[in-house]
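Undergrad: Test case, fold it:
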Amino acid sequence: MLNKFISWIREVCPYCHKKMVSYDRGHYHSRACPDGQYKIETHPHLEVEIEYHSAK
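TA: Next up, the predicted model:
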């Protein structure tokens, strides 16, 4: 649990440890791994955070 929190603060992919790229999509914010292995979408108006993991 602590490792996940630290990786969230540092904004690195938990799989490849590369720095995640941030996007502001207007209604939500997105952070994604450059290799497409991991993605987090934050929807502040819904108070929801969605994580996507690669199926590779």
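Undergrad: switch to C-alpha atoms for all contacts and neighbour counts from now on
TA: Noted.
Undergrad: show me the contacts for Ser54.
TA: Gly36, Gln37, Tyr38 (C-alpha atoms under 8 Å, 6 or more residues apart in numbering).
Undergrad: Quick check: closest non-adjacent residue to the residue nearest in space to the middle of the chain.
TA: Nearest to the mean C-alpha position of the chain, by C-alpha atoms, centre = their mean, lies Ile40 at 3.0 Å. Of all residues not flanking Ile40 in the chain, Glu51 sits nearest, at 4.5 Å (C-alpha to C-alpha, 6 or more residues apart in numbering).
Undergrad: Count the residues that sit near the one you found.
TA: 12 (other C-alpha atoms under 10 Å).
Undergrad: now swap in Pro14 and tell me
TA: If we define neighbours as other C-alpha under 10 Å, then Pro14 has 16 of them.
Undergrad: helix or strand for it, which one?
TA: Using DSSP states H and E, Pro14 is not contained in any helix or strand.
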